[in-house]
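J.: Okay, sequence plus prediction incoming.
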Amino acid sequence: MSHFSGFIFFLTNMIILITGATGFIAKNIVKTLANKVEFILVTRNVKLAQKLYKDIHGIYITSSLTKDMPTPDVVINLAGSSILKSSFAFHSNAELKFSRVDYTTNLCNTLKALNKFPKIFINASASAIYGANEYLVSEKSDKLGGNYLANITMSWENSVYEGCKGTTARVVLMRLGLVLGQDGGFYKKIAPIFKLGVGASIGGGKQYTSWISVRDTVRAIIHIINTPEIKGPVNFVAPVSNTQYDIAKSLAKSFHRKLIFNIPTFIIKITQNKMAPVFLDSLAMSPTKLLNTGFLFKDVDLNELIKSFAKKHH
């Protein structure tokens, strides 16, 4: 964990509140900062959280915010159902909206009512906000919205700004690309299919997919906490662009399989309806704010990253 030590020094004695505390990114944040900061972990599944974090000191686990809890220095709102329910199925539209927009509004209102608003409010968002784009987009892009997922992401971000009105909190929106990690998220759902040799590329395969390792995701969050000038939207993506075919090929190769299958565009459009852009739209993003504030990525080689996951998967 030596690559984190310089960052962690500045976070000592902080209280960090995390919602969605049993999720993929949350688990990696807690694991990285275990016993270095104090955590308030908010989750619907208290028993699971207690089991996950039983060996870590300085953790307060709860299903709701209360007036007797300490005031957090930082809130990291990671609540929200993942878009993908399984490798090829989605959560319902109503669940996606409720778990993002409505939850965020309620969270902010509760923090205000309890007089527990943090100095820094970091909220998950998604690369989907940009819609389709063939060219590198930075945080300055004003081409937002345009399809169902882009529009719901805009509503999500707006709920953060509205919720933080009247406070002095520094607001940061993490526009997350595809987060890759061996212990969860997209990789955990999709790897078994490629291990069986039945993984597939999708559509033309040339559509760009911006990604980031979970390790760099956590490091970027720590960097943001320690860098007061960073505010507003931040692209959480590696400074390289890969296509959907590149990712599928890397997955197949990591399990010593050939990439034989392709799912045609028309099948995706018929079966996935308004969620089809998740698979078919091309989106290349630049992590401009992170790079301009001196953040150094550890994981920039897609093949090496996925190969390292597969070694642990065997």
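T.: Yep, that arrived. Residues are numbered from 1 along each chain as shown.

J.: what does stretch 105-113 contact?
T.: Residues from elsewhere that reach stretch 105-113 (CB atoms under 8 Å, 6 or more residues apart in numbering): 19, 65, 75, 77, 79, 117-118, 121, 159-160, 162-164, 166-167. The C-beta positions use only the backbone N, C-alpha and C, and glycine is treated the same way.

J.: Between which two of the residues you listed is the distance greatest?
T.: For these, the farthest-apart pair by CB to CB is 79 and 166; their separation is 21.6 Å.

J.: one step back: now intersect the contacts of stretch 105-113 with the strands, please.
T.: Residues of the contacts of stretch 105-113 located in strands (DSSP state E): 19, 75, 77, 121.

J.: ok, of the residues you listed, which come out buried?
T.: Using 16 or more other CB atoms under 10 Å as the burial test, the ones in strands among the contacts of stretch 105-113 include 19, 75, 77, 121 as buried.

J.: show me the contacts for the closest residue to the first one other than its chain neighbours.
T.: Right, residue 19. Sequence neighbours aside, residue 79 is the residue nearest to residue 19 in space, at 4.1 Å (criterion: CB to CB, 6 or more residues apart in numbering). Contacts for residue 79 (CB under 8 Å, 6+ apart) come out as 19-20, 42, 99-100, 103-104, 107, 124.

J.: ranges for the helices of this protein?
T.: Remark: helices assigned in the chain by DSSP state H are 5-11, 24-33, 46-52, 93-97, 103-113, 148-164, 185-195, 214-225, 244-254, 265-272, 277-280, 288-292, 302-313.

J.: Return the residues in contact with the residue lying closest to residue 121 once chain neighbours are set aside.
T.: Spatial nearest neighbour of residue 121, excluding adjacent residues (CB to CB, 6+ apart): residue 169 at 4.4 Å. Going by CB under 8 Å, 6+ apart, residue 169 touches 75, 117-121.

J.: I'd like the residues you listed as JSON lines, with distance to residue 223 and pLDDT appended.
T.: Listed next are the contacts of residue 169 as JSON lines, based on distance: CB to CB, whole Å; pLDDT from 0 to 100:
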{"residue": "75", "distance to residue 223": "17", "pLDDT": "98"}
{"residue": "117", "distance to residue 223": "22", "pLDDT": "98"}
{"residue": "118", "distance to residue 223": "17", "pLDDT": "98"}
{"residue": "119", "distance to residue 223": "16", "pLDDT": "97"}
{"residue": "120", "distance to residue 223": "12", "pLDDT": "98"}
{"residue": "121", "distance to residue 223": "16", "pLDDT": "98"}
